[in-house]
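> Next comes the sequence, and after it the predicted model I'd like to discuss.
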Amino acid sequence: LVDPSPVTQIARKIVNSNGLSDRVSCIQKPIGQAHLPQKVDIIVSVFTGNFLLQEDLLPALFLARDRFLKPSGVMLPDSAEMHIVPVSAAELFEENIACWTQSSQGINFSCAASLAANQVYASRGELSAADFLTEPQKVMSLDFNTAGKAACSEELDFLISRTGLCHGFLGWFKMRLAQQWLSTSPDEPRTHWSQIYLPLELPLELRAGDSLNLKLLRPQFGDWTWVTSHGGRTFR
């Protein structure tokens, strides 16, 4: 068990109190600074952040794989997929974006609205009420056995199937654990991961049959950029 935080000391106490100290070692170090006596048969990890790439945890997993996993070794999870969908989410938009356009106690805060619209929001509650305006699409897949970088540079075209106001995009991921998939979708049982909300600065009126283009970019250890195009207009 390798973890840089003091919780490792609690894990060590649990190991000792259950008579497992001859089989379980607890190492309180970042994985990049850890030293193991031999390579391992399996790596079990939770190096996935919200929408897979948040927190930039996966590069540490790839480092552990390259340094410590036997050639015939197994990873759990061993792959993941990112999914995204345009949504109508009036309550979420009002709470996080539109609220800045309203004066309070005589103070005009509207200049902060564009900053608020350039944030990535994580939520496990409000996003479950968002209405999908079409079917979700897979953004990308990542094979943990071979990947060397955790980055995203993808372009998607959506065919809108439901008329409504688009307030942004809802994203999540799923990962493979042996023969089963664990999804962090709002339609699945809740996990400790959150879905993410990528807002638009202004709601976009869409009709069934419209085309909506999304360019989604995130370099490793960088920031998300999302560029939306519809009807000759582009929103970044």
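Great, that's in hand.
> Name the residue most distant from the centre of this structure?
residue 106 (38.2 Å; CA atoms, centre = their mean).
> Now do residue 78 against residue 205, distance only.
To residue 205, residue 78 is 42 Å away according to CB to CB, to the nearest Å. No exception for glycine: its C-beta is placed from N, CA and C like everyone else's.
> Check residue 165 too.
Distance from residue 165 to residue 205, counting by CB to CB: 6 Å.
> now do residue 5
Distance of residue 5 to residue 205, given as CB to CB: 47 Å.
> quick one: which of those two has more around it?
residue 205 (12 against 9; other CB atoms under 10 Å).
> Sticking with the more buried one, tell me its helix or strand.
Residue 205 is part of strand 195-206 when elements are defined by DSSP states H and E.
> That strand pairs with which strands?
Strand 195-206 sits in its sheet next to strand 121-123 (antiparallel), strand 164-177 (antiparallel), going by DSSP bridges.
> These: lowest mean pLDDT?
Least confidently modelled of the strands paired with strand 195-206 is strand 121-123, at a mean of 88 by mean pLDDT.
> need the contact list for the closest residue to residue 209 other than its chain neighbours.
Spatial nearest neighbour of residue 209, chain neighbours left out: residue 160 (6.6 Å); criterion: CB to CB, 6 or more residues apart in numbering. By CB atoms under 8 Å, 6 or more residues apart in numbering, residue 160 lies in contact with 86, 133-134, 206-212.
> what's the most distant pair in the residues you listed?
86 and 209 (13.9 Å; CB to CB).
> Which pLDDT value goes with the residue nearest in space to the middle of the chain?
Most central in the chain under CA atoms, centre = their mean is residue 51, positioned 1.2 Å from the mean C-alpha point. Looking at residue 51, its pLDDT stands at 95.
> my guess is it meets residue 173, correct?
Yes. Assessed by CB atoms under 8 Å, residue 51 is found in contact with residue 173 at 6.0 Å.
> got any residues that touch both of the two?
Contacts common to residue 51 and residue 173, judged by CB under 8 Å, 6+ apart, are residue 82.
> Residue 59: what's its closest spatial neighbour, skipping adjacent residues?
Leaving aside its sequence neighbours, residue 59 sits nearest to residue 150 (CB to CB, 6+ apart; 5.9 Å).
> What residues does the one you found make contact with?
With contact taken as CB under 8 Å, 6+ apart, residue 150 is in contact with 52-53, 56, 58-59, 62, 142, 220.
> which residues of this protein fall in helices?
Along the chain, the segments classed as helices by DSSP state H run 7-17, 58-68, 90-96, 113-116.
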